[in-house]
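Visitor: sequence and predicted structure below; questions after.
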Amino acid sequence: MWRPWVNASASEHKSYVHLDIGAQRTVLAVHKKILAENGPYGAIKRTAELTEYSESTVKRVVARKEPRKPKVNKSKFTKIDSFTKDFIDRVISDFYSKNMSPTTMMIYEELTKDGASFPYSQSYLCKALKHLGYRYSTLNKRQILMDSPRLLNLRDQYLQEILRFRDLGKFIVFLDETWYDTHDVANKGWTKEDSNCTLDAPASRGKRIIILHAGSEDGWVDGALLLSAKNMANCSADYHEDMTAALFERWFENQLLPNIPAGSVIVMDNAPYHSRQKELVPCTNTKKGDIQKFLKKHQIDYPDKATKKMLLNIVKSKTFKKSYHVDEKAKERGCELICIIIIHFYLSTYFI
C-alpha cells in the first residue's frame, strides 16, 4: 500500500507525537478499512504497522473517533517576529523617556493606537512581555537617579577632563578603598544533619580591615597600600562609615603624595571623607554663637539683636569659596584632583 505521509521504513515506529488533522484522518481511515476486512482483533497493531506510528498513538487517535486539532504551544509565541519585538520595545522605552511607569493596559492601548496591527489580545500581551524578558517588578530608582540630567552633565565633564589630561601626557593616579572581614565564611553549602559537615569557623566576629590603595596604568603605587583594622563589634554595616576623613587625609599626605610624580592627576570619588572642608559654611544645625564667629571672621556686619534665622539669611546672601584639606595638600605638590560621582560606579578606578 502506498503511504505518501510516511518517509521512514516500516520497521521504524515513531514515538509519542502530535499528529496533524490530515495524519489523524489517515489513521482513522486505515483502521476502519482493517476493521471491515479482518474485524477488531489485531486492528490497532496492523494499523500501527501500516502507518508507522506507535500503537499508543494509534489507540489515542482511534479512541477520539474524530480528528482533533493539536494544541498550540503558546510558549513559543510564533507570532512574535523581529518587527513586533522592536515595536513593543520602542513603546515601553517611550513611556520611560516620559518618566511614566507603563502598565499592561497602557502598553496595549499604545500598541493598538491608530489602527496599528498587533497580533495579541490584551490578556495575552502579559505572557508575550514575559517571553521577551520583561518582568512586572519594583523599578530601579537608582538607575533613574544615575540618568538624571545633572548627573549626566557631571559625567560628561569628567570624561572631557580625563581625556584632556591624557592628551597632555599627564601621569594619572586612581585611588579607592574597600574592606575585608577576617572571619568571613560561606553561609551556605551542601550538608546533612547527621554528618560532620561543618566549617572550622572562629567564634568571634574578628576584625574589619579597610584597604586603601592607588594605582595607574603602570600598576600599583609603591608604598601607598594602607591596611587599617577595627574590631567587628565596633563596625557598622556599611564600611564607608568606618572610614574617617582623618585616616584618609593622613594616608593621602604621607603615603600617596610622596610616592607619585609632582604634577600628577589624582582621580577619586566624592565620598564625604575624601572631601572634608577646612571651614564649614554655617547651616541650620550650626549654633547661633558659631554663626556669629563665622561672620566676624569674614568681616561681615550683622545686627546686634539678630536672630539665628536672620544670621543664616545673611550667610546665604554671601558667596564663600569652599576649601578642602586634600586639595591644599595636592596643590603643594603641583597635583590636580578630579572627583567622579560615586553613583557612577562604572567610572570608578577599576573601569578606566
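Guide: Here it is on my side, so go on.
Visitor: centre of the chain to whatever helix or strand Asp176 lives in, how far?
Guide: For Asp176, the element it lies in under DSSP states H and E is strand 172-181. The chain centroid and the centroid of strand 172-181 are separated by 22 Å under CA atoms, centre = their mean, to the nearest Å.
Visitor: show me where the stretch 151-300 of the chain has its helices.
Guide: Using DSSP state H, counting those that start in this stretch, the helices of the stretch 151-300 of the chain run over 245-251, 288-297.
Visitor: between helix 288-297 and the helix or strand just after the last one, find me the angle.
Guide: This means helix 288-297. On the C-terminal side of helix 288-297, the closest following helix or strand by DSSP H and E is helix 308-316. Interaxial angle, helix 308-316 versus helix 288-297 (axes from the mean of the first three to the mean of the last three CA atoms, to 10 degrees): 30 degrees.
Visitor: and helix 308-316, which residues are buried?
Guide: 311-312, 314-315 (16 or more other CB atoms under 10 Å). From N, CA and C alone the C-beta is placed, and that goes for glycine too.
Visitor: and the helices of the stretch 151-300 of the chain, which is most packed in?
Guide: Most buried of the helices of the stretch 151-300 of the chain, by mean neighbour count (mean count of other CB atoms under 10 Å): helix 245-251, with a mean of 17.
Visitor: mean confidence score for it?
Guide: For helix 245-251, the mean pLDDT works out to 90.
Visitor: which intervals of the chain have sub-threshold pLDDT?
Guide: For the chain, the stretches with pLDDT under 70 are 1-17, 69-79, 116, 139-147, 183-205, 231-242, 341-352.
Visitor: can you map out the strands along it?
Guide: Per DSSP state E, the chain carries strands over the ranges 172-181, 207-216, 219-220, 226-231, 265-269, 336-340.
Visitor: of the ones you listed, flag the one that's most buried.
Guide: Neighbour counts (mean count of other CB under 10 Å) averaged over each of those peak at strand 265-269, with a mean of 22.
Visitor: circling back to that earlier point, mind putting the strands of the chain in TSV, distance to Gln299 included?
Guide: Converted to TSV, the strands of the chain look like this (distance: least, CB to CB, whole Å):
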stretch	distance to Gln299
strand 172-181	38
strand 207-216	40
strand 219-220	47
strand 226-231	41
strand 265-269	34
strand 336-340	29
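Visitor: so which of those is nearest Val62?
Guide: strand 172-181 (69.4 Å; CB to CB).
Visitor: which neighbouring elements make contact with that closest one?
Guide: On a contact count with 3 or more CB pairs under 8 Å, 6 or more residues apart in numbering; DSSP states H and E, strand 172-181 meets helix 149-167, strand 207-216, strand 265-269.
Visitor: strands paired with it, and their directions?
Guide: Strand pairing for strand 172-181, determined by DSSP bridges: strand 207-216 (antiparallel), strand 265-269 (parallel).
Visitor: for Arg166, find the nearest of those strands.
Guide: strand 265-269 (9.0 Å).
Visitor: follow-up on the earlier one: nearest to Gln160, out of the strands paired with strand 172-181?
Guide: Among these, the nearest to Gln160 by CB to CB is strand 265-269 (13.5 Å).
Visitor: the inter-axis angle of that closest one versus strand 336-340?
Guide: Using the same axes, to 10 degrees: strand 265-269 against strand 336-340 is 30 degrees.
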